[in-house]
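S.K.: Need a 3D model of the sequence below.
(chains A, B, C and D)
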There are 2 protein chains.
Amino acid sequence: MKVEKISELTTNRLSVYLRCLRELSSQGVLSVSSDELADRFHLHSAQIRKDLAYFGEFGVRGVGYYVEGLIDHISKILGLDREHRVGIIGAGRLGTALADYYHFSHSNFKVAALFDTESSKIGTKNGEATVYDFREFSDVVERLKIDVAIIAVPANFAQEVFRRVVQAGITAILNFAPAPLKSEVNIKLKTVDLTNSLESLSYFLAQSEETNGAGKILNVRAKRKRTAAKNAK
Amino acid sequence: MKVEKISELTTNRLSVYLRCLRELSSQGVLSVSSDELADRFHLHSAQIRKDLAYFGEFGVRGVGYYVEGLIDHISKILGLDREHRVGIIGAGRLGTALADYYHFSHSNFKVAALFDTESSKIGTKNGEATVYDFREFSDVVERLKIDVAIIAVPANFAQEVFRRVVQAGITAILNFAPAPLKSEVNIKLKTVDLTNSLESLSYFLAQSEETNGAGKILNVRAKRKRTAAKNAK
DNA sequence: TGATGTGAAGCGGTTCACAGCC
DNA sequence: GGCTGTGAACCGCTTCACATCA
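M.R.: Reported below is the predicted structural model:
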């Protein structure tokens, strides 16, 4: 075990391992080797061993990892042994859908409140969570002990919402707005860009068309200079 | 310009650049340097130049990049110069929310259809898209010329849905089910794991508690061996 | 014997630094 | 002079290979 900085790639994988281990547990499996885990999600066994070894010696040589014990360890490492309370800013379609999604994914994340500025939405219920006025964000955060924020507002509001969220003392933020938020130290900001995800699929489609279809990729170098010059208008 | 394999990290960034360039364009900005772009989203300027240089010499030395021209180039590279037609499998809360989201993000992705197996949902409208019976997936895909699929079903159905989607000839798939899908060559599968995203925030919170609070990180090595042994039960 | 834990090697992506060009 | 395009250096993550231990 080292006292190195743990990469986010590692913690992401821990969360994936955990899901798998829970399934194994429900199937009554007692122990599992890194090799077995590796081919569930197509990863390398050494990677799994390294990820786990950062945090301690959880395995037993010649045997593997005991499923129940490992679940406990990973849960504790990820801080999933205690409940987190989530506030979702933006009670539009996306915000309410996320509220639902997380509500039913019976995890340690409880959606405690939604926030919006539109008066027609304020006061409505969404499952068990009420929609509050975003102008009272700080107060509600304190009262409901919210420690995680999800931003689900249009891009042009995102930076301002982010500022207010940080101001209210929230340090962990999941952002769904397609905006390049300027973050700060000691604030964990994670952006999920739904448009981006589709566009990168589009690139793949464009590539396979080119290779299946007529022209080979990028044999157009000569043209480029002219194009750039022309763009000057 | 090289004829190397382009990393997905690069294409993701291209999509981010594109959004920024469109904004600049709407502000009437004519040209922009890699340095200016770099501090919009806090990136390194060399990175931006490299990303672009993979595809051609779009810049002008001493000047920068012409905004309009670069928008055209990136759009073409990402295949956003033509429309894509999306089918969403799973007409639950998440599926319909995504349908809405993509419908209003006036991009080149048109949600052409949703799919479900629940008879109460089949035939209903969702914005402009109808919910079809998933059992007729292949037919509808062909008829509506769908080329991108979004999987928004519970985890336990995901692998089977994935199989059917591939069978119908779809090669680009965005998956929201928290399941480790086994993919194939020539199929582009991208998974967005909403639970995962929150759990990695949780790790961050757990860390900052430890450092702010009592114990320093991981001074518990000695305990570990005992714990592992005990887990054997 | 069989699987872990881990230095060392390998690899891919980012940053540096500067030649080349406008 | 200023900014791009790019080889070289750098850095961090992944994979290898093997000593270690139940």
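
S.K.: use CA for all of it now, contacts and neighbours both
M.R.: Noted.

S.K.: How many residues are close by A:Gly7?
M.R.: Just so we're on the same page, residue A:7 is Ser rather than Gly. 9 (other C-alpha atoms under 10 Å in any protein chain shown).

S.K.: cool, and the one 5 residues further on?
M.R.: A:Asn12: 19 surrounding residues under other C-alpha under 10 Å.

S.K.: my guess is it contacts B:Leu194, does it?
M.R.: No: judged on C-alpha atoms under 8 Å, A:Asn12 makes no contact with B:Leu194 at a distance of 11.3 Å.

S.K.: could you point out the longest strand in chain A?
M.R.: strand A:109-116 (DSSP state E).

S.K.: Pairing partners for the following helix or strand past that one, with directions?
M.R.: Remark: after strand A:109-116, the chain's next helix or strand is strand A:125-126, criterion DSSP states H and E. Strand A:125-126 has its sheet partners listed here by DSSP bridges as strand A:129-133 (antiparallel).

S.K.: Tell me which residues are up against the partner strand.
M.R.: Residues from elsewhere that reach strand A:129-133 (C-alpha atoms under 8 Å, 6 or more residues apart in numbering or on different chains): A:91, A:111-119, A:121-125, A:140.

S.K.: hmm, 10 Å instead?
M.R.: Under the contact criterion C-alpha atoms under 10 Å, 6 or more residues apart in numbering or on different chains, strand A:129-133 has outside partners A:87-91, A:96, A:99-100, A:103, A:110-119, A:121-125, A:140.

S.K.: C-alpha coordinates for it, CSV please?
M.R.: Output in CSV follows, covering the C-alpha atoms of strand A:129-133 (Å, rounded to 0.1, in the frame of the first residue of the first chain):
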residue,chain,number,x,y,z
ALA,A,129,-38.7,16.0,-2.7
THR,A,130,-40.2,19.4,-2.8
VAL,A,131,-39.2,22.1,-5.2
TYR,A,132,-37.8,25.1,-3.4
ASP,A,133,-37.1,28.7,-4.5
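
S.K.: near chain B, anything from the helix or strand just after that strand?
M.R.: Sequence order places helix A:137-144 as the next helix or strand after strand A:129-133, per DSSP H and E. No: applying C-alpha under 10 Å from any C-alpha of the partner chain, one finds helix A:137-144 separated from chain B by no less than 16.0 Å.

S.K.: For helix A:137-144, name the packing helices and strands.
M.R.: strand A:84-89, strand A:109-116, helix A:155-167 (3 or more C-alpha pairs under 10 Å, 6 or more residues apart in numbering or on different chains; DSSP states H and E).

S.K.: burial count for the closest residue in space to A:His84 that isn't next to it in sequence?
M.R.: Excluding the flanking residues, the one nearest A:His84 by C-alpha to C-alpha, 6 or more residues apart in numbering or on different chains is A:Phe109, at 4.8 Å. By the measure other C-alpha under 10 Å, the count of residues near A:Phe109 is 20.

S.K.: Pull the distance from stretch A:148-158 to the chain's centre.
M.R.: Remark: stretch A:148-158 is offset 14 Å from the chain centroid, using C-alpha atoms, centre = their mean, to the nearest Å.

S.K.: what about that stretch, start to end distance?
M.R.: 16 Å (C-alpha to C-alpha, to the nearest Å).

S.K.: Report the mean per-residue pLDDT for it.
M.R.: The pLDDT scores in stretch A:148-158 average 96.

S.K.: Go through that stretch and flag the buried ones.
M.R.: Buried residues in stretch A:148-158, counting neighbours by 16 or more other C-alpha atoms under 10 Å in any protein chain shown, are found at A:Val148, A:Ala149, A:Ile150, A:Ile151, A:Ala152, A:Val153, A:Ala158.

S.K.: And stretch A:121-141, by the same measure?
M.R.: Result for stretch A:121-141 [16+ other C-alpha under 10 Å]: buried residues A:121-122, A:126, A:129-134, A:137-138, A:140-141.

S.K.: Run through the neighbouring helices and strands of whichever strand or helix holds A:Leu98.
M.R.: Using DSSP H and E, A:Leu98 sits within helix A:93-104. Applying 3+ C-alpha pairs under 10 Å, 6+ apart, one finds that helix A:93-104 contacts strand A:84-89, strand A:109-116, strand A:125-126, strand A:129-133, strand A:148-151, helix B:93-104, helix B:194-212.

S.K.: I'd assumed B:Leu198 was in contact with A:Gly79.
M.R.: No: applying C-alpha atoms under 10 Å, one finds A:Gly79 not in contact with B:Leu198, separated by 11.1 Å.

S.K.: shared neighbours of these two, anything?
M.R.: By C-alpha under 10 Å, 6+ apart, the residues touching both A:Gly79 and B:Leu198 are A:Asn108.

S.K.: For A:Glu160, give me its contacts.
M.R.: Neighbours of A:Glu160 in contact, by C-alpha under 10 Å, 6+ apart: A:Leu181.

S.K.: Same check on A:Ile151?
M.R.: Neighbouring residues of A:Ile151 by C-alpha under 10 Å, 6+ apart: A:87-91, A:94-95, A:115, A:157-159, A:161-162, A:165, A:173-177, A:191.

S.K.: now those: which count as buried?
M.R.: A:87-91, A:94-95, A:115, A:158-159, A:161-162, A:165, A:173-177, A:191.

S.K.: now A:Leu24: how far from DNA strand C?
M.R.: For A:Leu24, the distance to DNA strand C equals 15 Å [C-alpha to the nearest atom of the strand, to the nearest Å].

S.K.: Pull the number of nearby residues for that residue.
M.R.: 16.

S.K.: Three-state assignment for it, please.
M.R.: Secondary structure, DSSP: H, G, I helix; E, B strand; the rest coil: A:Leu24 is helix.

S.K.: residues touching it, list them.
M.R.: A:Leu24 neighbours (C-alpha under 10 Å, 6+ apart): A:Leu18, A:Leu30, A:Ser31, A:Val32, A:Val67, A:Glu68.

S.K.: PyMOL command to pick out the buried ones of those?
M.R.: Selection of the buried residues among the contacts of A:Leu24 in PyMOL, burial being defined by 16+ other C-alpha under 10 Å:
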select buried, chain A and resi 18+30+31+32+67+68
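
S.K.: Would you format the buried residues of stretch A:121-141 as JSON lines with pLDDT included?
M.R.: JSON lines is the format used below for those (pLDDT from 0 to 100):
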{"residue": "A:Lys121", "pLDDT": "97"}
{"residue": "A:Ile122", "pLDDT": "98"}
{"residue": "A:Asn126", "pLDDT": "90"}
{"residue": "A:Ala129", "pLDDT": "94"}
{"residue": "A:Thr130", "pLDDT": "97"}
{"residue": "A:Val131", "pLDDT": "98"}
{"residue": "A:Tyr132", "pLDDT": "98"}
{"residue": "A:Asp133", "pLDDT": "98"}
{"residue": "A:Phe134", "pLDDT": "98"}
{"residue": "A:Phe137", "pLDDT": "98"}
{"residue": "A:Ser138", "pLDDT": "98"}
{"residue": "A:Val140", "pLDDT": "98"}
{"residue": "A:Val141", "pLDDT": "98"}
